[in-house]
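Peer 1: this one's structure only:
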Ligand SMILES: NC(=O)C1=CN([C@@H]2O[C@H](COP(=O)(O)OP(=O)(O)OC[C@H]3O[C@@H](n4cnc5c(N)ncnc54)[C@H](O)[C@@H]3O)[C@@H](O)[C@H]2O)C=CC1
Ligand SMILES: O=C(O)[C@H]1O[C@H](OP(=O)(O)OP(=O)(O)OC[C@H]2O[C@@H](n3ccc(=O)[nH]c3=O)[C@H](O)[C@@H]2O)[C@H](O)[C@@H](O)[C@@H]1O
């Protein structure tokens, strides 16, 4: 056997599911996932896991206590492991050089220092977190500067491409696994050892090996390309709303060209999630540091269009409601950044809710998976006032109670259950005129209009009133 023990530092959305699947597929390997957050580890060892991810419960329950362990004892796990995944968070810097753009590598650095401190023997250290190009070099500098006799390190880049909500399927049926390493004999041997792990279930042809920098840059590039597609279709959704073209039809028409492909062309209220914005900002920052301002400006536009989309959508809500939402009660359906996750990081719903609260609205919020405490925490952080949020925001256990006596419904997440709601019943319980703003293009707008709703769907000219002013000479009402 090549690798007997794996340690993963960081029991988050990546470390937890990734290592659970490794444990499932490599029963002869002991996998220990560690985190400094005691509460999180307690939850990984409990019935209700700290993250909601379809299929994850089954995998964890099958392996936990056999060859999969969750622990706060970071040192012991490092000590005994042959291979260490670094899966800690790499958020955008909030202060200092590169504030608001550069990736903050403080957690990666502290883990590297800890490894250097406790390691005895040979270790393969794998960068699983998304990092700037050349981060592996910095980690190696820290490790080698603190290297003890009898210890040797190899550092690999093995970025993760899973998406939340489909993580288990993405891990089991990965399009590819990417491994970057040093182009030395030792580097290639370390790559082979990590390949051996993945080869338990991924065909070798899907395991790509590159140099370290290509691997690091490919991760940023993949997220930038994916987000760019969303911003591209979202920019066209604005054109559709003014012209009568339908963005779904446009997406289908262009997506059937195999060179373009049909995925990631769903216009929306804007992309969210913990990574797209952070990783593109990081790419922009790297380009600026490399004195490539044109390249930086190009990728910055992907973020700018996303901001524009969120603000355009929210302005439409306000304008349609006679340009004032003060003291109106509005229901927000969906708070997670996408369906099938309870994660709210950078969720567009936060932007929508904050803007409506700033305008004096009262909000009824329902999401099938997001914890209520998380919604309060997000909105308190966004608005800066816990009292205001407590006074103005009510949380509900289902969509029916959340929409009762409200003036408008704003769909922020594409949860399947919203599609099959009894909208006749919902309409009867709402204030009139009743509005629906579909930020995810999931509802049947014609059916809703027949019931009596005023409907606005992203990327479709179906808003009934209130926009003539901003639409200039085009009368689209
Ligand atoms: N969330 C996602 O879907 C994906 C995330 N990534 C990348 O993976 C990395 C991790 O992301 P998430 O899992 O979402 O983050 P997360 O915030 O859910 O988890 C990170 C964990 O690391 C722990 N941690 C931080 N410093 C530590 C230390 N010194 N010792 C022990 N534990 C420590 C934190 O307590 C936290 O539980 C990021 O770089 C992200 O960009 C990559 C692909 C997908
Ligand atoms: O590095 C990461 O963290 C991950 O980021 C994304 O995964 P994730 O953010 O979990 O989810 P996505 O499915 O990519 O969705 C991101 C956002 O874009 C939105 N989106 C997605 C697709 C689309 O067509 N339109 C659209 O608005 C989603 O609703 C969501 O708000 C990438 O898809 C993963 O490959 C990557 O590993």
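Peer 2: Nice, I can see it. Everything numeric here is computed off the predicted structure, so don't read it as measured data. Ligands and ions are numbered 1, 2, ... in the order given.

Peer 1: who are the contact partners of the residue nearest to residue 416 when sequence neighbours are not counted?
Peer 2: Spatially, and ignoring its direct neighbours in sequence, residue 416 is nearest to residue 339 (6.6 Å; Cβ to Cβ, 6 or more residues apart in numbering). Any C-beta I mention is one placed from the backbone N, CA and C, and that applies to glycine too. Contacts of residue 339 were listed using Cβ atoms under 8 Å, 6 or more residues apart in numbering, and they are 165, 413-416.

Peer 1: and if we set it to 6 Å?
Peer 2: Going by Cβ atoms under 6 Å, 6 or more residues apart in numbering, residue 339 touches 413-415.

Peer 1: next one: residue 119
Peer 2: Contacts of residue 119 (Cβ under 6 Å, 6+ apart): residue 151.

Peer 1: what's the answer for residue 352, then?
Peer 2: By Cβ under 6 Å, 6+ apart, residue 352 lies in contact with 314, 412.

Peer 1: the one helix or strand it maps to: what's the following helix or strand?
Peer 2: Using DSSP states H and E, residue 352 sits within helix 348-358. Using DSSP H and E, the helix or strand that directly follows helix 348-358 along the chain is strand 362-366.

Peer 1: show me what that next one is packed against.
Peer 2: Where contact means 3 or more Cβ pairs under 6 Å, 6 or more residues apart in numbering; DSSP states H and E, strand 362-366 is packed against strand 329-333, strand 393-395, helix 399-403.

Peer 1: quick check, nearest of the contacts of residue 339 to ligand 1?
Peer 2: For these, the residue nearest ligand 1 by Cβ to the nearest ligand atom is residue 413; the value is 16.0 Å.

Peer 1: how about the nearest residue to that closest one, chain neighbours excluded?
Peer 2: Computed as Cβ to Cβ, 6+ apart, the closest residue to residue 413 that is not its neighbour in sequence is residue 334, at 2.5 Å.

Peer 1: for that neighbour, phi and psi?
Peer 2: According to degrees, to the nearest 10, the main-chain angles of residue 334 amount to phi 100, psi 130.

Peer 1: where does the residue nearest to residue 317 when sequence neighbours are not counted fall, secondary structure wise?
Peer 2: In space, residue 317 comes closest to residue 437 once its chain neighbours are excluded; the distance is 5.1 Å by Cβ to Cβ, 6+ apart. Assessed by DSSP H and E, residue 437 sits inside strand 435-438.

Peer 1: any idea how far residue 209 is from the residue nearest to residue 416?
Peer 2: Distance, residue 339 to residue 209, using Cβ to Cβ, to the nearest Å: 34 Å.

Peer 1: give me the most central residue, the protein.
Peer 2: The structure's the chain has its C-alpha centroid closest to residue 273; by Cα atoms, centre = their mean the separation is 2.8 Å.

Peer 1: residues in contact with that residue?
Peer 2: Remark: with contacts taken as Cβ under 6 Å, 6+ apart, residue 273 is in contact with 337, 346.

Peer 1: and if you look at residue 131?
Peer 2: Neighbouring residues of residue 131 by Cβ under 6 Å, 6+ apart: residue 90.

Peer 1: next secondary structure element downstream of the helix or strand hosting residue 239?
Peer 2: Using DSSP H and E, residue 239 sits in helix 212-243. Moving toward the C-terminus from helix 212-243, the next helix or strand (DSSP H and E) is helix 247-255.

Peer 1: buried ones in that following helix?
Peer 2: Neighbour counts over helix 247-255 (16 or more other Cβ atoms under 10 Å) mark 247-248, 250-251, 254-255 as buried.

Peer 1: out of those residues, which is nearest to residue 215?
Peer 2: residue 255 (28.8 Å; Cβ to Cβ).

Peer 1: report the contact partners of the closest one.
Peer 2: Applying Cβ under 6 Å, 6+ apart, the residues near residue 255 are 262, 265.

Peer 1: let's see it at 7 Å
Peer 2: 261-262, 265 (Cβ atoms under 7 Å, 6 or more residues apart in numbering).

Peer 1: related to what we said a few turns ago, the residue nearest to residue 413: neighbour count?
Peer 2: 29 (other Cβ atoms under 10 Å).

Peer 1: thinking again about what came up before, quick one: pLDDT of the residue nearest to residue 416?
Peer 2: Note on residue 339: pLDDT of 98.

Peer 1: part of a helix, is it?
Peer 2: No. Counting by DSSP: H, G, I helix; E, B strand; the rest coil, residue 339 falls outside a helix, being coil.

Peer 1: where's it relative to residue 368, distance?
Peer 2: According to Cβ to Cβ, residue 339 and residue 368 sit 9 Å apart.

Peer 1: got any residues that touch both of these two?
Peer 2: Taking Cβ under 7 Å, 6+ apart as the criterion, residue 339 and residue 368 both touch residue 415.

Peer 1: spatially nearest residue to residue 222, not counting backbone neighbours?
Peer 2: Closest residue to residue 222 apart from its sequence neighbours, by Cβ to Cβ, 6+ apart: residue 161 at 6.5 Å.
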